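Asker: next one to model:
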Amino acid sequence: MSFLKKLQDRWKVESTIQVVLILTVFALTGTTIVYLKGFLKPYIGDAWWIDIVYYIAILPVYNLVLLIYGFLLGQGSYFWNFEKRFFNRILGKKNQNKI
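Answerer: Now for the predicted structure:
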């Protein structure tokens, strides 16, 4: 079984093209966030505590960028459900109906 087929089964998507699009969304989101840090770093300083604040503040931005890229590449429903699961885990909510 190929790597893409395993991901397709695990993520419960219909085709390997969707798997490639989902991986592309994650890659674009990560690249965008790294670009933003490089852009903002000269303006926000270089102290260790600024990095901690940055990593806390970037979480909602990362999730928003993930949704935007997901919708732009036609995988909006997958990433919307992904975000709901993510925030339910963070908030400690038990979801009876698995999303």
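Asker: pLDDT on the one helix or strand residue 28 maps to, on average?
Answerer: Assigned by DSSP states H and E, residue 28 belongs to helix 16-44. Across helix 16-44, pLDDT averages out at 94.
Asker: distance of residue 60 from residue 67?
Answerer: Residue 60 sits 11 Å away from residue 67, going by Cβ to Cβ, to the nearest Å. C-beta: built from backbone N, CA, C; applies to glycine.
Asker: higher neighbour count, these two?
Answerer: residue 67 (18 against 9; other Cβ atoms under 10 Å).
Asker: identify the residue nearest the residue nearest the centre of the chain in space, chain neighbours excluded?
Answerer: The structure's the chain has its C-alpha centroid closest to residue 66; by Cα atoms, centre = their mean the separation is 4.5 Å. The shortest distance from residue 66 to any non-neighbouring residue, by Cβ to Cβ, 6 or more residues apart in numbering, is to residue 29 (4.7 Å).
Asker: residues contacting the residue lying closest to residue 67 once chain neighbours are set aside?
Answerer: Nearest non-adjacent residue to residue 67, counting by Cβ to Cβ, 6+ apart: residue 79, 5.5 Å away. The neighbourhood of residue 79, defined by Cβ atoms under 8 Å, 6 or more residues apart in numbering, consists of 22, 25, 66, 67, 69, 70, 71.
Asker: so which helix or strand takes in the third one?
Answerer: Same thing as residue 66. helix 48-72.
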